[in-house]
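Enquirer: Quick one: sequence and predicted model below, then my questions.
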Amino acid sequence: MFGVVPKVLWEKRTSPDEKNRIRLGLNCLLIQTAEKNLLIDTGCGFKYSEKELEVYRIEHETDILRELQKVDVPPEKVDFVINTHYHFDHCGGNTRSEGEEQVPNFPNATYLVSRQEYEDANHPNERTVATYFPHNWKPLEERGLLQIMDEDQEIVPGVALVSTPGHTAGHQSVKISSEGKILFYIADLCPTSAHISLPWIMGYDLFPLTTLEVRKRIYAQAVDEEWLLFFEHDPEFPLGRLSQENGKYALACEPWGESQG
C-alpha cells in the first residue's frame, strides 16, 4: 500500500499485522440532491471464494445495502452509481449472486465509468488481470444500465466527474459542490490520510509519476479553495482539509463518528 516508502516509516502511521497487511476502510458515499440519489463506489461485495476472503481478510462488519437502509434509501431508489475505477474493492458491490446468475444491486441506477477504465478493464494485461472481475460490470452492460463517460462532466447540478489518472489510466474522482463549499472524493489518488505526502504512492499505481503530477494539481486546488477531502480507504479519518507550509502539505482530520453529519 505504500510502494517504495520503507516500512520503518509507514508503520509509524498504520500498524501492520503478522502478514504485513494493514486495516483499510471501504468508505462509499451517498449524495442526495432534491431529486436524485447518487452513490460513489460500492465496496468489495460478497462474491469471493474462501481463499480470497483469507488472502485479503475481507471482514463485513456491515455492508452498503444495510447502511443505505438506515437512511431510508432502498437499492431501487439509487439513481446513479459512479465507479471511480473497476478494481474489485471499488465495484464489487455493483452486483450480487442469485443462484448462478449475477444481478445488479441497484436495478434502476445508471452506472457510470470512464471509457478509458472500461477499455482497460475489458482488455487487462498480466499485471491487471487479477483485480478486474467482469462479473462486476458485465451484468450491468447486458441490461443496458452501463453508461461510459468520454470526458469530465457534471452528472447532476453540483456533482461532477474529474479525471485523476495514475492509479489507473482511467481513474476518476468526484467533485461535489454545495452552498459554496466543495467535497472532493479523491478515491485512490490518495487512499488514506496516511498517504497524503506527495511521494507516498501505492505500489498498485500503474503510473506513479502521473499520480504525483495529478496530486500536485489537485492538492493546490484543495488548499486554494479549502476543499474537504474524502478518503475512501481510511478506516478512521475519512475527512480532512489540506494546508501547505514551507512547501509541505499537512492534513487536519476528523474521526469518522464526528464527521457523519
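Expert: Great, that's in hand.
Enquirer: now the strands for the stretch 51-200 of the chain?
Expert: Taking DSSP state E, counting those that start in this stretch to define them, one finds strands in the stretch 51-200 of the chain at 80-82, 95-98, 101-104, 110-114, 146-149, 154-156, 159-163, 172-178, 181-185.
Enquirer: tell me what the last one is packed against?
Expert: Looking back up the chat, that one is strand 181-185. The contact analysis (3 or more Cβ pairs under 8 Å, 6 or more residues apart in numbering; DSSP states H and E) places strand 181-185 against strand 172-178, strand 228-230. C-beta coordinates here come from the backbone N, C-alpha and C atoms, glycine included.
Enquirer: In it, which residues are buried?
Expert: Buried residues in strand 181-185, counted by 16 or more other Cβ atoms under 10 Å: Ile182, Leu183, Phe184, Tyr185.
Enquirer: How about the fourth one?
Expert: Of the residues in strand 110-114, those scored as buried under the neighbour-count criterion (16+ other Cβ under 10 Å) are Thr110, Tyr111, Leu112, Val113, Ser114.
Enquirer: Those residues into CSV, with extra columns for pLDDT?
Expert: Formatted as CSV, these follow (pLDDT from 0 to 100):
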residue, pLDDT
Thr110, 98
Tyr111, 98
Leu112, 98
Val113, 98
Ser114, 98
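Enquirer: so which of the residues you listed would you say is closest to Glu67?
Expert: The closest of the buried residues of strand 110-114 to Glu67 turns out to be Tyr111 (Cβ to Cβ; 18.7 Å).
Enquirer: Show me the beta-bridge partners of that closest one.
Expert: Under the criterion DSSP bridges, Tyr111 forms beta bridges with Val81, Leu146.
Enquirer: That one reaches Asn83, doesn't it?
Expert: Yes. Counting by Cβ atoms under 8 Å, Asn83 is a contact partner of Tyr111 at 6.6 Å.
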